[in-house]
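>>> just need the structure, nothing else, for what follows:
(chains A and B)
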Amino acid sequence: MLRGLAWAAALIWPWAGAHADPSPARVVSINLCTDQLAMLIADTGQLVSVSHLATDPRSSAMVEQARAYPANSGLAEEIYLMQPDLVLAGEYGANATVDMLRRLDVPVLRFEQAYSLDDVRARMIQMGEVLGRQDRAAELVDRFDARLGDFQAEIAARPRAALYYANGYTLGDKSLAGQILTRAGFDNVAADIGYEGGGVLPLELLAMNIPDAVVTGQPYPGASRSEEIMDHPVVSVLRRQSATASVTDSDWVCGTPFVLDAVSQMTDLRQSLTADRP
Amino acid sequence: MTRLGLILSLLVLALFGAALVVGPASIGPVDSIVALIGGDGGASTLVVREIRLPRAILAALIGAGLGMAGAAMQGYLRNPLADPGLIGISGASALGAVIALQTGLAVQSGIGLPLAALTGALIGVLLVLALAGPRGSSLTLILAGIAISALAGALTSLVLNLSPNPFAANEIVFWMMGSLADRSMAHVWIAFPLILAGTVMLATLTRGLDALTLGEDAAEAMGLRLNRMRMILILGTATVVAGSTAVAGAIGFIGLVVPHILRPLVGARPGRLLWASALGGAAMLLASDLAVRILLPARDLKLGVVTALVGAPLFLHLIHRTRREGL
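Numbers count the residues shown, from 1 in each chain, chains lettered A, B, ... in the order given. The predicted model follows:
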């Protein structure tokens, strides 16, 4: 109980808590994005378990590293038995689990989602503070900043791109994927039409706006009608680029340094698009 | 007939035209038609030819098929409650389609999906008719239909829940309610041959259905082969339903509502009702799909919601009347 109170205090005054308390020794992560940040930043032996999604190549950029940790499926019962002194969760979801863990006096810290590249930086610093590994986090942030600087150079023409996922879902500027596009030198068609965050973009509107590139999601195994829209003749006509170059993968999912790989992938696409033009 | 046929045809034409003109992309009516016929290869041509045209064709085709199948079943069984959606044939066909999609059969071969939908529909219609008996009373027919619907629905949900695809489970509602959103010409080519073959089969029943109104004995005395009629009815209905369900999910109530509304207008002749119901069904589904697009454009409201809102009250009325007449 005391331990719980101490951690509750630490959550309210995170900096004061970080100084007053020793770093957590047994950390369990139940969210794909905190999984990856924790694996990047935690000390050896500090991270006890990551979520099972961390080993799914479709959503995780750190499959190999994640195999070294026992996987959890985010259920309160199994988390409690791991006797963590800190549980890392995402901003949304897992509400029942988080409530139950808090009732059992297990401290839970919810990490906010990253909506921009600045947010990615902030989450790395935050994770460093939470785990008492500020130096490691600062090292990652320095590398992040240096690599990000490389993308600032030449952007002569900004082609127009649209993100197009299952069910015709698209993302505007207030999203990590939207920011990746913009940073790579594209104009986001969805943002031009007026989408801020995410929303369904009717196929007709996509066609009327004639983007230079349509970036779609990775199809899952098995079939679904939701994903059929990405193979619709209209999308095929608009996607003149090779399919592999314009598919979002696990680098796009979470606010981790891997988003820079996505920026790099999109920069290559942009350069190949502008090179084709007279 | 000719005047009714003319009115219905004009209605279908008008609704078809409206379906080409209405959509989230604001292309004026004249521009839409110009883009369809002229085709400069620009964005509006793409929208009208690849998005709106297949949707309109599918609505007309599927509506016509389901309307005709409903009229034929009602005529043959002499039971106003017979409708392919209501008695579980659509549900069984959706199960076949879902199995083909999730096992990869649909990807391996182009005819995998329609063939599986047809198999499902055939099993469904055979089961219902076997359960309800040759002259199925209203009660047994509906009970058998509920049983098949429930079973097919449960199995469809099970298959979709077991799918490795995270989107599949959310699509249970599509397979149960039906939708034409974002269909393409590829889907038209799946549905068209099946619905055409099915309606041709059903169309051969017109004279037989008229003769049947005199009673089975009289009809047989006139040289009617009931077993053969029954076979054609089963095959035709299953083929039409399979073509519709494979691409648009199970759309209910068209086959129930349309023949019921048109029956008084054709003078209680089931043969004539077949053609009228085909036109009426096309009009009803085109109108429903327009309603879906105009009322909640961004939400992909399911077609089954609209058809059920129109059809269910009528169904209740039919049950009430059936009970009053003591059938």
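>>> for chain A, what are the nearby residues on chain B?
Residues of chain B lying near chain A by CB under 8 Å from any CB of the partner chain: B:23-25, B:27, B:43-44, B:46-47, B:50-52, B:101-102, B:104, B:106-107, B:163-168, B:170-171, B:174, B:182, B:184-186, B:297-298, B:300. For every residue, glycine as well, the C-beta is placed using N, CA and C.
>>> now, those residues that are in helices?
Of these, the ones assigned to helices by DSSP state H are B:Ala43, B:Ser44, B:Leu46, B:Leu101, B:Gln102, B:Ala106, B:Val107, B:Phe174, B:Met185, B:Ala186.
>>> buried only: go through the residues of chain B next to chain A for me.
With neighbours counted by 16 or more other CB atoms under 10 Å in any protein chain shown, the residues of chain B next to chain A contain buried members at B:23-25, B:27, B:43-44, B:46-47, B:50-52, B:101-102, B:106, B:163, B:165, B:167-168, B:171, B:174, B:182, B:184, B:300.
>>> quick check: closest non-adjacent residue to B:Pro29.
Ranked by CB to CB, 6 or more residues apart in numbering or on different chains and with sequence neighbours excluded, the top spatial neighbour of B:Pro29 is B:Val21, at 4.5 Å.
>>> what residues are up against the one you found?
The neighbourhood of B:Val21, defined by CB atoms under 8 Å, 6 or more residues apart in numbering or on different chains, consists of B:Ile27, B:Pro29, B:Ser32, B:Ile33.
>>> if we can go back for a sec, biggest separation within the ones in helices among the residues of chain B next to chain A, which pair?
Spanning the widest gap among those are B:Ser44 and B:Gln102, at 36.7 Å by CB to CB.
>>> tell me where the stretch 1-150 of chain B has helices.
Secondary structure of the stretch 1-150 of chain B (DSSP state H, counting those that start in this stretch): helices located at B:2-21, B:29-37, B:43-46, B:53-77, B:89-103, B:105-108, B:112-132, B:138-162.
>>> could those go into TSV alongside mean pLDDT?
Formatted as TSV, the entries for the helices of the stretch 1-150 of chain B read as follows, by pLDDT from 0 to 100:
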stretch	mean pLDDT
helix B:2-21	94
helix B:29-37	85
helix B:43-46	87
helix B:53-77	95
helix B:89-103	95
helix B:105-108	84
helix B:112-132	92
helix B:138-162	91
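>>> ok, so of the ones in helices among the residues of chain B next to chain A, who is nearest B:Phe192?
Proximity to B:Phe192 was ranked across those by CB to CB; first place goes to B:Met185, at 9.8 Å.
>>> what number of residues lie near the residue nearest to the closest one when sequence neighbours are not counted?
Excluding its sequence neighbours, the residue lying closest to B:Met185 (CB to CB, 6+ apart) is B:Pro54, at 4.9 Å. One way to gauge burial is a neighbour count; for B:Pro54, by other CB atoms under 10 Å in any protein chain shown, it gives 23.
>>> any chance of the contacts of B:Val21 in CSV with distance to A:Thr44 as columns?
Below are the contacts of B:Val21 laid out as CSV (distance: CB to CB, whole Å):
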residue, distance to A:Thr44
B:Ile27, 62
B:Pro29, 69
B:Ser32, 65
B:Ile33, 70
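>>> B:Asp217: which of those is nearest?
Nearest to B:Asp217, judged by CB to CB, of the contacts of B:Val21 is B:Ile33 at 54.9 Å.
>>> what number of residues lie near the closest one?
Counted with other CB under 10 Å, the burial measure for B:Ile33 works out to 15 neighbours.
>>> list the contacts for it?
Neighbours of B:Ile33 in contact, by CB under 8 Å, 6+ apart: B:Gly17, B:Leu20, B:Val21.
>>> check contacts around A:Gly93.
A:Gly93 makes contacts with A:Asn31, as judged by CB under 8 Å, 6+ apart.
>>> now do B:Leu11
Counting by CB under 8 Å, 6+ apart, B:Leu11 touches B:Leu279, B:Ala283.
>>> can you pull the phi/psi pair for B:Gly85?
Backbone geometry at B:Gly85, expressed as degrees, to the nearest 10, gives phi -70, psi -40.
>>> whoops, I mixed them up, A:Ser73
The phi and psi torsions at A:Ser73 (degrees, to the nearest 10) take the values phi -110, psi 20.
>>> what is the burial count for it?
As a burial measure, the neighbour count of A:Ser73 was computed by other CB under 10 Å and equals 11.
>>> which residues sit in contact with the nearest residue to it once chain neighbours are set aside?
Across the structure, with CB to CB, 6+ apart as the measure, the residue nearest A:Ser73 apart from its sequence neighbours is A:His52 (5.4 Å). By CB under 8 Å, 6+ apart, A:His52 lies in contact with A:Ala71, A:Asn72, A:Ser73, A:Gly74.
>>> which residues does the first one form a beta bridge with?
When you say that, I think you mean A:Ala71. Here A:Ala71 sits in beta bridges with A:Val50, as judged by DSSP bridges.
>>> by mean pLDDT, which helix or strand of chain A comes out lowest?
Between all helices and strands in chain A, the lowest mean by mean pLDDT, DSSP states H and E belongs to helix A:14-20, at a mean of 44.
>>> can you tell me which residues contact the most centrally placed residue in chain B?
Most central residue of chain B, judged by C-alpha distance to the mean C-alpha position with CA atoms, centre = their mean, is B:Leu66 at 3.0 Å. Going by CB under 8 Å, 6+ apart, B:Leu66 touches B:Pro84, B:Gly85, B:Val240, B:Val241, B:Ser244, B:Ile251, B:Ile254, B:Gly255, B:Gly281, B:Leu285.
>>> before we move on, which element is the nearest residue to the second one once chain neighbours are set aside in?
Same thing as B:Gly85. The spatially closest residue to B:Gly85, leaving aside those adjacent along the chain, is B:Gly252, at 3.3 Å (CB to CB, 6+ apart). Taking DSSP states H and E as the criterion, B:Gly252 maps to no regular element, lying outside all helices and strands.
>>> any idea how far B:Gly252 lies from chain A?
For B:Gly252, the distance to chain A equals 18 Å [CB to the nearest CB, to the nearest Å].
>>> how about the contacts made by that residue?
Residues in contact with B:Gly252 (CB under 8 Å, 6+ apart) are B:Asp83, B:Gly85, B:Leu86, B:Ser90, B:Gly178, B:Gly304, B:Thr307, B:Ala308, B:Gly311.
>>> buried set for the strand or helix carrying A:Leu269?
Assigned by DSSP H and E, A:Leu269 belongs to helix A:259-276. By neighbour count, and taking 16+ other CB under 10 Å as the criterion, the buried residues in helix A:259-276 are A:259-267, A:269-271, A:273-274.
>>> a markdown table for the residues you listed, including distance to A:Ala177 and pLDDT?
Putting those into a markdown table (distance: CB to CB, whole Å; pLDDT from 0 to 100) gives the following:
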| residue | distance to A:Ala177 | pLDDT |
| --- | --- | --- |
| A:Val259 | 9 | 95 |
| A:Leu260 | 14 | 94 |
| A:Asp261 | 13 | 94 |
| A:Ala262 | 8 | 94 |
| A:Val263 | 11 | 93 |
| A:Ser264 | 15 | 92 |
| A:Gln265 | 12 | 90 |
| A:Met266 | 10 | 91 |
| A:Thr267 | 15 | 90 |
| A:Leu269 | 14 | 87 |
| A:Arg270 | 15 | 87 |
| A:Gln271 | 19 | 85 |
| A:Leu273 | 18 | 82 |
| A:Thr274 | 21 | 81 |
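>>> from these, pick the one nearest chain B.
Nearest to chain B among those, counting by CB to the nearest CB, is A:Leu273 at 18.5 Å.
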